[in-house]
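Undergrad: Next one to model:
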Amino acid sequence: MTHHPGRGITLIELIVVVSILAILAGALVPRVTNHMAESRDARRLADVKTLAALIERFHADHGRYPESRPDTSFGGWDVSSQGSFLHELVERGYLRASLRDPLDDSQHYYAYYRYEKGTAGCVGDGPFYVLGVKAFETAAATERHRGGFRCAERDWSREMAYVSGGGTAQP
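TA: Residues are numbered from 1 along each chain as shown. The predicted structure follows:
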């Protein structure tokens, strides 16, 4: 092969290189994006389980569940995207800061509500709480991690992607 000084790459070589890079990017971007969504879903589940444990610890220490601050824009739920979510846990030192959904927008948030005894036909000695993840990003997370919390007159798992709670007997 003969070397030609000062010769650059040809237009056709540049087009081939750019095409190869575009094909590689097209193949990798969806995988990276899906992996990021799966990671956020795993964090959502871990956060809600952590919150449930802290709520139970709060109840053991204070004999009651934390107050909820209902937001009518979110069906009366106390939600992480509005900044007031579980404020009492932060004030009392159970959390350094409110845990927020990784996206924390109008579709993805954590929801909490403390109900009075007997609400929705729930049986228990006093108030109870419901805690949930509004939405997962991946279908796999939605299928694997339903959780469940229901009483005779209401099934909260129909309202959330993942839901749990405490303070009442479940059927």
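Undergrad: okay, CA-based contacts and neighbour counts for the rest of this
TA: Fine.
Undergrad: which stretches of the protein form helices?
TA: Assigned by DSSP state H, the helices in the chain fall at 11-62, 87-91, 139-144.
Undergrad: can you list the weak-confidence ranges in the protein?
TA: Scanning the chain for pLDDT under 70 picks out the ranges 1-7, 28-33, 83, 170-171.
Undergrad: what sits against the most centrally placed residue in it?
TA: The chain has residue 44 as the residue nearest its centroid, 3.5 Å off, counting by C-alpha atoms, centre = their mean. Going by C-alpha atoms under 8 Å, 6 or more residues apart in numbering, residue 44 touches 101, 102, 133, 136.
Undergrad: can you tell me how far it sits from residue 117?
TA: Residue 44 sits 28 Å away from residue 117, going by C-alpha to C-alpha, to the nearest Å.
Undergrad: How about residue 26?
TA: 54 Å.
Undergrad: Please apply the same query to residue 156.
TA: Look at residue 156 and residue 117: by C-alpha to C-alpha, they are 16 Å apart.
Undergrad: which of these two has more neighbours?
TA: The residue with more neighbours, out of residue 156 and residue 117, is residue 156; 20 against 17, by other C-alpha atoms under 10 Å.
Undergrad: The more buried one and residue 147 touch, don't they?
TA: No. Between residue 156 and residue 147 there is no contact under C-alpha atoms under 8 Å: 9.7 Å.
Undergrad: joint contacts of these two?
TA: residue 163.
Undergrad: ok, the residue lying closest to residue 112 once chain neighbours are set aside - contacts?
TA: Spatially, and ignoring its direct neighbours in sequence, residue 112 is nearest to residue 131 (4.5 Å; C-alpha to C-alpha, 6 or more residues apart in numbering). By C-alpha under 8 Å, 6+ apart, the residues touching residue 131 are 48, 52, 110, 111, 112, 113, 163, 164, 165.
Undergrad: export those to TSV and tack on neighbour count?
TA: Shown next, in TSV, are these (neighbours: other C-alpha atoms under 10 Å):
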residue	neighbour count
48	23
52	20
110	27
111	25
112	28
113	23
163	27
164	21
165	22
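Undergrad: Among those residues, name the ones in strands.
TA: Of the contacts of residue 131, the ones assigned to strands by DSSP state E are 110, 111, 112, 113, 163, 164, 165.
Undergrad: Output those in a markdown table, with distance to residue 82 appended to each entry.
TA: A markdown table is the format used below for those (distance: C-alpha to C-alpha, whole Å):
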| residue | distance to residue 82 |
| --- | --- |
| 110 | 10 |
| 111 | 10 |
| 112 | 12 |
| 113 | 14 |
| 163 | 19 |
| 164 | 21 |
| 165 | 21 |
